[in-house]
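In: Okay, predicted coordinates and the sequence, questions at the end:
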Amino acid sequence: MASPYNRKVEFAFEVTPREVEDRRAAGEKLCLIDVREDSEWQICRIEGANLVPMNTVPARVQELEAQADSTPLIVYCHHGVRSLNVVHWLRRNGVENCQSMMGGIDRWSAEIDPAVPRY
């Protein structure tokens, strides 16, 4: 029988903005990764997030993997499509500790922080 200590922990591919905010409010350290373009980042962003445009993710996979070793990555974009694609790609490339935020920054603005502009 396999040891329970050696089994792989699986995370859901997506998480809601409410779950992200609740985890942050509970003191969990999360690394928010914004995969939108710089022009979108200039319009609005979530406080404390890091900009890693989607097209730069492959070149930065080692950096993201190192970050994910210590802190869960919460990846987001405008509506959640790009970020889900990035999470699927990251997991295929060995970065397990990551999730996409459903609905992206648009849903974050609508449900969590209306001070974040919508576009």
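Out: Looks like it came in fine. Numbers count the residues shown, from 1 in each chain.

In: Any idea what the closest residue to Ile46 other than its chain neighbours is bridged to?
Out: Using CB to CB, 6 or more residues apart in numbering and skipping residues adjacent in sequence, the residue nearest Ile46 is Leu32, 5.7 Å away. All C-beta atoms are positioned from the backbone trio N, CA, C, and that covers glycine. With DSSP bridges applied, Leu32 shows beta-bridge pairing to Ile74.

In: right, and Leu32 touches Arg45 too?
Out: No: with contact defined as CB atoms under 8 Å, Leu32 and Arg45 do not form a contacting pair (9.1 Å).

In: Compare those two (neighbour count), which wins?
Out: Ranked by neighbour count (other CB atoms under 10 Å), Leu32 and Arg45 place Leu32 first, with 22 against 18.

In: Identify the residues contacting that one.
Out: Under the criterion of CB atoms under 8 Å, 6 or more residues apart in numbering, the neighbours of Leu32 are Val20, Ile46, Gly48, Ala49, Asn50, Ile74, Tyr76.

In: count of neighbours near the closest residue in space to the last one that isn't next to it in sequence?
Out: The one in question is Tyr76. Distance criterion CB to CB, 6+ apart; nearest residue to Tyr76, sequence neighbours excluded, is Met101 at 4.0 Å. Met101 is flanked by 26 other residues according to other CB under 10 Å.

In: three-state assignment of Arg23?
Out: Of the three states, Arg23 takes helix according to DSSP: H, G, I helix; E, B strand; the rest coil.

In: Count the neighbours of it for me.
Out: Neighbours of Arg23 (other CB under 10 Å): 15.

In: Contacts only, for it.
Out: Leu30.

In: Tell me, what's the model's pLDDT at the residue nearest to Ile46?
Out: On pLDDT, Leu32 comes in at 98.

In: The residue nearest to Tyr76 contacts Arg18, correct?
Out: No: under the criterion of CB under 8 Å, Met101 makes no contact with Arg18, lying 10.2 Å away.

In: With adjacent residues omitted, what lies nearest to Arg91?
Out: For Arg91, ignoring the flanking residues on the chain, the nearest one in space by CB to CB, 6+ apart is Cys98 at 6.9 Å.
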